[in-house]
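S.K.: Here's a sequence, model it:
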Amino acid sequence: MGDPDGPADEVPARDYAGNCRRLAALGEHGLLTPEVQPCESPDELFWFRWITGHQVCFVVWRLIAQLVEDLDRGRRPADEVLPQISHYVDGYSAMLLYTGSCPPGLYNDLIRPSMRLRHRAFSGAWAPDYWPIRDLFRRGRLPGIADTDAGELLDAMTLLHLVHDGVAARLVTNGRSLLREAAVRGPGHRLSGLIYDSYFTTLRAPVPRHEVVAQLLRRLVAIAQDVAANGLYAADDADERPTELQKPEVVKCENSLVDILLSVAQHACDLPSQPPPTLRTSLAEE
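M.R.: Next comes the predicted model:
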């Protein structure tokens, strides 16, 4: 993964718009052709979601960090930045639901042990892109911004905390993270970031912003195709949802997941919102 703050370059606006139209069509009509078959292997499906969904989060976090920096340095006004951050936070909530959609048994048999094999104290707090915005997620607000001016952001942060707590309650059955269970200290900041990136198959290099956005769009389209083909939860997943995940705002986020992805894509591409495209016979033509 590259750096969304890297040097400017020619922006492939036509490709951006095409991917956004594709996302809009998937949200409006689902799969119009059998371009993606339902996955028959739960292990493969939910491993893909775990890795790909986290990679999307890394880019979304960087985009949020850039907006926060623009706000802090006075490069952009609050009334322009806050709505964009709110949409990205909603995108993060959607990715928590997506990556956390695996059955609890599969998480505890496959995903959790895979993280522990990398390090007994493996933690999401090791993510290099999380550190610049950790205060925003912990406090739920931006310093110097009045609550009356940040209503949309406060709503997005409330949803995020509900989703985070609900997914944790659903998957971490004993309520203890690897970090809390570990009898060892975690590695230093730089090494922990390398371990985290290695686990999520992420490489870093100074590349133009549009290349990072292109990586983001490819993943968003793949996620939308996956959800259209396989649904968000496994058909045989009968586990009762925690109270947090039964809240109306969380259920709305689940049902609007692809629309949220489209909003993230449009803001990352700096494209205006567009009405759903006319129904076509094949998306393969895009």
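
S.K.: rest of the way, CA atoms for contacts and neighbours
M.R.: Fine.

S.K.: which ones are touching I195?
M.R.: R118 (C-alpha atoms under 8 Å, 6 or more residues apart in numbering).

S.K.: What residues of the host helix or strand of Y88 count as buried?
M.R.: Assigned by DSSP states H and E, Y88 belongs to helix 78-99. Residues of helix 78-99 classed as buried by neighbour count (16 or more other C-alpha atoms under 10 Å): 78, 81-99.

S.K.: next one: stretch 244-252
M.R.: Buried-residue list, stretch 244-252, by 16+ other C-alpha under 10 Å: E244, L245, E249, V250.

S.K.: quick one: the closest residue to the second one other than its chain neighbours from S93, how far?
M.R.: Okay, so that is L245. Nearest residue to L245 in three dimensions, chain neighbours excluded: G166, at 5.3 Å (C-alpha to C-alpha, 6 or more residues apart in numbering). Separation of G166 from S93 (C-alpha to C-alpha, to the nearest Å): 11 Å.

S.K.: Could you do C57 as well?
M.R.: 9 Å.

S.K.: Then H164?
M.R.: Taking C-alpha to C-alpha, one finds H164 at 8 Å from S93.

S.K.: and if you look at A224?
M.R.: Taking C-alpha to C-alpha, one finds A224 at 15 Å from S93.

S.K.: likewise E152?
M.R.: 14 Å.

S.K.: now do R170
M.R.: From R170 to S93 the distance is 15 Å (C-alpha to C-alpha).

S.K.: Over to A229?
M.R.: Taken as C-alpha to C-alpha, the span from A229 to S93 is 21 Å.

S.K.: likewise P128?
M.R.: P128 is 19 Å from S93, by C-alpha to C-alpha.

S.K.: now P242
M.R.: P242 is 16 Å from S93, by C-alpha to C-alpha.

S.K.: Out of the helices and strands in the protein, which is least certain?
M.R.: helix 178-181 (a mean of 66; mean pLDDT, DSSP states H and E).

S.K.: Give me the angle between the helix or strand harbouring A265 and helix 78-99.
M.R.: Per DSSP H and E, A265 falls inside helix 257-269. With axes from the mean of the first three to the mean of the last three C-alpha atoms, to 10 degrees defining the directions, helix 257-269 sits at 140 degrees from helix 78-99.

S.K.: quick one: buried residues of helix 257-269?
M.R.: Under 16+ other C-alpha under 10 Å, the buried positions of helix 257-269 are 257-269.

S.K.: element containing R134, please.
M.R.: Counting by DSSP H and E, R134 is part of helix 134-139.

S.K.: repeat for C102
M.R.: Short version, using DSSP H and E: C102 is in no helix or strand.

S.K.: Could you find the closest non-adjacent residue to it?
M.R.: F46 (5.7 Å).

S.K.: Just read off the phi/psi values of that neighbour.
M.R.: Main-chain torsions, F46, degrees, to the nearest 10: phi -80, psi -20.

S.K.: Which residues are in contact with it?
M.R.: Contacts of F46 (C-alpha under 8 Å, 6+ apart): T99, S101, C102.

S.K.: Compute the distance from the centre of stretch 226-235 to the centre of its chain.
M.R.: Centroid separation for stretch 226-235 versus its chain: 17 Å, with C-alpha atoms, centre = their mean, to the nearest Å.

S.K.: ugh, typo on my part, it should be stretch 209-220
M.R.: 13 Å.

S.K.: what's the average pLDDT for it?
M.R.: Stretch 209-220 shows a mean pLDDT of 92.

S.K.: after the least confident helix or strand of the chain comes which helix or strand?
M.R.: Heading C-terminal from helix 178-181 (DSSP H and E), you reach helix 189-199.

S.K.: If you count neighbours, what's buried in the helix or strand just after that following helix?
M.R.: Remark: after helix 189-199, the chain's next helix or strand is helix 209-230, criterion DSSP H and E. By neighbour count on 16+ other C-alpha under 10 Å, the buried set for helix 209-230 is 209-214, 216-217, 219-230.
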